[in-house]
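S.K.: turn this into a model:
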Amino acid sequence: MIQSPKVITMLFLSVVILSGCASTGNQTLKEESEFTVSSKVISGQTTASEIKAMFGSPYETTYTDSGMLIWKFRLDDLKSDAVNYIPIVNLFGSSMSGTRKELVILFDENDVVKRSNMSESDVKTKTGVFK
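M.R.: Numbers count the residues shown, from 1 in each chain. Okay, the predicted model is just below:
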């Protein structure tokens, strides 16, 4: 059974277009960098309500031993690795790689930013025998 080149091309394009991409977390961080965050989040000036208006709700809220509030925002932007498209091999696990952006903000007792840090790092996620 011989398939027409047009059908094969359409099938290939469908696979490429639908290939695995995953973006989880706070989407407002997608366009942010250390520089843009430092211009928006000013220590001693920006309040918790202003942070919430800019970035939404944090994914994690904790407190220091002295009772100061810490908010964490995170975005993982991952794409499927090539190994996921190898027949038979992909039955044994999967692998994704991309970047993680994380914004950590420490507030003082008046809910004003005391300190903040924005970081971006490479991240890999593996399942099955690829772990």
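S.K.: and Met54, its phi and psi?
M.R.: Taking degrees, to the nearest 10, you get phi -80, psi -40 for the backbone angles of Met54.
S.K.: and the pLDDT at the closest residue to it other than its chain neighbours?
M.R.: Leaving aside its sequence neighbours, Met54 sits nearest to Lys40 (Cβ to Cβ, 6 or more residues apart in numbering; 6.1 Å). (Each C-beta comes from the backbone N, C-alpha and C, glycine too.) Reported pLDDT at Lys40 in the predicted model: 97.
S.K.: ranges for the strands of the protein?
M.R.: The residue ranges that make up the strands of the chain, judged by DSSP state E, are 21-25, 60-63, 69-80, 95-107, 113-126.
S.K.: output these as TSV; include the columns mean neighbour count and mean pLDDT.
M.R.: Converted to TSV, the strands of the chain look like this (neighbours: other Cβ atoms under 10 Å; pLDDT from 0 to 100):
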stretch	mean neighbour count	mean pLDDT
strand 21-25	13	79
strand 60-63	10	98
strand 69-80	18	93
strand 95-107	18	93
strand 113-126	14	92
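S.K.: in JSON lines: those, plus distance to Ala48.
M.R.: Below are the strands of the chain laid out as JSON lines (distance: least, Cβ to Cβ, whole Å):
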{"stretch": "strand 21-25", "distance to Ala48": "20"}
{"stretch": "strand 60-63", "distance to Ala48": "10"}
{"stretch": "strand 69-80", "distance to Ala48": "7"}
{"stretch": "strand 95-107", "distance to Ala48": "6"}
{"stretch": "strand 113-126", "distance to Ala48": "8"}
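S.K.: to Gln45, which of these lies closest?
M.R.: Nearest of these to Gln45, taken as Cβ to Cβ: strand 113-126 at 7.1 Å.
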